[in-house]
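[1] Generate a structure from the sequence data that follows.
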Amino acid sequence: MSRDDLPHRRRNLLTGEWVLVSPHRAMRPWQGEQSPVAADNPPSYDPDCYLCPGNARTGGNTNPAYGQTFVFPNDFPALLSEGGDGGQEHPLFQISPARGEARVICYSPDHSRTLARMDDPARAAVIDCWCDLSRELGAKWAHVQLFENKGAMMGASSPHPHGQVWASDFVPQIVAQEDARQRAHASASEMCLLEEVIAAEISAGERVVEENDHWLAIVPHWAAWPFETLLVAKQDVNRLENLDTMARGELATILGRLLGRYDGLFGVDFPYSMGWHGAPHSIGDDTAHWRLHAHFHPPLLRSATIRKHMVGFELLAETQRDLTPEQAAQRLREVAI
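    Below is the predicted model of the structure:
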C-alpha cells in the first residue's frame, strides 16, 4: 500500500513540528457539526455593516465615503502603545511587556468584493497597501503581521472583505521558529530553505497548485489543514516592501487564481485565515536566510458545511490530517476557474 493509504508523519520544515497523516480516515462516517453556508450574493452595500463607507463603526467613529482601500486604527486593538507585565508573580511564571499597534484594512468599498472576486488591478491596490504598511510599521516595530480572517467560520467579525495588521515590539512565536529554522538551514547548507523547497516542489509537481514567473503556490508537504497552501516568492525577496512592480502584478494574478480554486472547490465563498511571513524587521538586513511567503489555512474538510476541527489529539499530542497533501493539491488543480 502507498503513502495515500497508510498513516505516516511529516515534519514541518519551517517550524520543526510534526504532522500525523491518516489518509485511511477520510471515509469515516460524519454525524458531527455541519455549518451553514454563507449567502452566495452579498450586496455591494450593507447599511448594517460597520465597515461599509459612510457607516458608523461599533467604536463610535464613522467611516468616510472611501472609494478605494481604506485603513484605520483598530477600534479594539490587541496591542497598545503601552504594555504591562504586572510584576513578577513567581520565578517560574514569566511575564513580558507587549507593545504595538493594530489597524484594519478594508479592501474595497464594495461589500461583496472579496480578494477572489476582485480583478487584478483591484487586488494590486491591496497588495500595494500591504507593502506600504509593512514598510511604515517595520520602521517602528520588531515585527509586522499582515493577515486576513475570512468568513464567520474563521471568526471574522464582519463579512465586509477586510484584513488586519498587528505590529509588535516582539517577534511572535511562530515567526521566531521560522526565523531560527531558516537560519539554521542556511548556516548548514549555505542555501535558502524555501529556495530549495521551491526547486524540489517544481521538480516533483504533485503538490503544485499554481505557478507563474514570480510565485509558486503549493500544498506544502507538511500541511496541517486539509487544503492548506503556501505561496512563496521565487525571487530573492524577504519582505513585502521589497517586491518590485512585476512581482506585485504577478502576485495579484496568482492570488486571483488560487482563491478562485478555493471558491470553486465546494462552490462557496471559501473561508480561510491567511497571513504574510517576511523577515522580522528587528533583524535588520540580516535576511539572506529568509524568503517571503504567505500561509493560507482554510478549515473546510469534506464539503461546504463540514470543517476540520483541531481538537483531541491535535490539541493534546500533535496535528493530524485525513487526506494527503498530494490528494489536496490534485483536487485544487482540478477545479475549473
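[2] residues contacting the closest residue in space to residue 119 that isn't next to it in sequence?
    Using C-beta to C-beta, 6 or more residues apart in numbering and skipping residues adjacent in sequence, the residue nearest residue 119 is residue 256, 7.7 Å away. In short, each C-beta sits where N, CA and C put it, glycine included. With contact taken as C-beta atoms under 8 Å, 6 or more residues apart in numbering, residue 256 is in contact with 115, 116, 118, 119, 120, 123.
[3] buried stuff in the helix or strand where residue 185 lies?
    Element membership for residue 185, per DSSP states H and E: helix 173-189. For helix 173-189, burial by neighbour count (16 or more other C-beta atoms under 10 Å) applies to 175, 177, 178, 179, 181, 182, 183, 185, 186.
[4] Any idea how many residues pack against the residue nearest to the last one when sequence neighbours are not counted?
    When you say that, I think you mean residue 186. In space, not counting the residues next to it along the chain, residue 186 is nearest to residue 289; the distance is 3.8 Å by C-beta to C-beta, 6+ apart. If you count neighbours by other C-beta atoms under 10 Å, residue 289 ends up with 22.
[5] before we move on, the earlier item: from the rest of the structure, what touches the helix or strand following the helix holding residue 185?
    Moving toward the C-terminus from helix 173-189, the next helix or strand (DSSP H and E) is helix 193-204. With C-beta under 8 Å, 6+ apart as the test, helix 193-204 has contacts from 13-14, 181-182, 185-186, 189, 207-208, 211, 216, 218, 220, 232, 234, 236, 289, 291, 293.
[6] show me where this protein has helices.
    All helices of the chain, identified by DSSP state H, fall at 120-138, 173-189, 193-204, 245-265, 313-316, 325-333.
[7] Out of the ones you listed, which gets nearest to residue 71?
    Nearest to residue 71 among the helices of the chain is helix 120-138; the distance by C-beta to C-beta comes to 6.6 Å.
[8] Next, the angle from the closest one to helix 245-265.
    Using axes from the mean of the first three to the mean of the last three C-alpha atoms, to 10 degrees, the direction of helix 120-138 lies 110 degrees away from that of helix 245-265.
[9] how far out from the middle of the chain is helix 120-138?
    Between the mean C-alpha point of helix 120-138 and the mean C-alpha point of its chain there is a distance of 15 Å (C-alpha atoms, centre = their mean, to the nearest Å).
[10] For that helix, C-alpha coordinates in PDB please.
    Below are the C-alpha coordinates for helix 120-138, written out as PDB (Å, rounded to 0.1, in the frame of the first residue of the first chain):
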ATOM      1  CA  ASP A 120      -6.100  42.100 -10.900                       C
ATOM      2  CA  PRO A 121      -5.900  46.000 -10.600                       C
ATOM      3  CA  ALA A 122      -8.100  46.000  -7.500                       C
ATOM      4  CA  ARG A 123      -6.000  43.200  -5.900                       C
ATOM      5  CA  ALA A 124      -2.800  45.100  -6.900                       C
ATOM      6  CA  ALA A 125      -4.100  48.100  -4.900                       C
ATOM      7  CA  VAL A 126      -4.500  45.900  -1.800                       C
ATOM      8  CA  ILE A 127      -1.000  44.400  -2.400                       C
ATOM      9  CA  ASP A 128       0.400  48.000  -2.600                       C
ATOM     10  CA  CYS A 129      -1.300  48.800   0.700                       C
ATOM     11  CA  TRP A 130       0.200  45.700   2.300                       C
ATOM     12  CA  CYS A 131       3.700  46.700   1.100                       C
ATOM     13  CA  ASP A 132       3.300  50.300   2.300                       C
ATOM     14  CA  LEU A 133       2.100  49.100   5.800                       C
ATOM     15  CA  SER A 134       5.000  46.600   6.100                       C
ATOM     16  CA  ARG A 135       7.500  49.400   5.300                       C
ATOM     17  CA  GLU A 136       5.900  52.000   7.500                       C
ATOM     18  CA  LEU A 137       5.300  49.900  10.600                       C
ATOM     19  CA  GLY A 138       8.500  47.900  10.100                       C
END
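[11] where do the strands sit along the protein?
    Using DSSP state E, the strands found in the chain span residues 8-11, 18-21, 70-73, 100-106, 143-150, 162-168, 208-211, 215-218, 229-233, 272-277, 293-297, 319-321.
[12] so can I have JSON lines of these showing mean pLDDT and distance to residue 84?
    Rendered in JSON lines, the data for these read as follows (pLDDT from 0 to 100; distance: least, C-beta to C-beta, whole Å):
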{"stretch": "strand 8-11", "mean pLDDT": "97", "distance to residue 84": "38"}
{"stretch": "strand 18-21", "mean pLDDT": "97", "distance to residue 84": "36"}
{"stretch": "strand 70-73", "mean pLDDT": "98", "distance to residue 84": "20"}
{"stretch": "strand 100-106", "mean pLDDT": "98", "distance to residue 84": "13"}
{"stretch": "strand 143-150", "mean pLDDT": "98", "distance to residue 84": "20"}
{"stretch": "strand 162-168", "mean pLDDT": "98", "distance to residue 84": "15"}
{"stretch": "strand 208-211", "mean pLDDT": "98", "distance to residue 84": "44"}
{"stretch": "strand 215-218", "mean pLDDT": "99", "distance to residue 84": "41"}
{"stretch": "strand 229-233", "mean pLDDT": "98", "distance to residue 84": "36"}
{"stretch": "strand 272-277", "mean pLDDT": "98", "distance to residue 84": "26"}
{"stretch": "strand 293-297", "mean pLDDT": "98", "distance to residue 84": "30"}
{"stretch": "strand 319-321", "mean pLDDT": "96", "distance to residue 84": "33"}
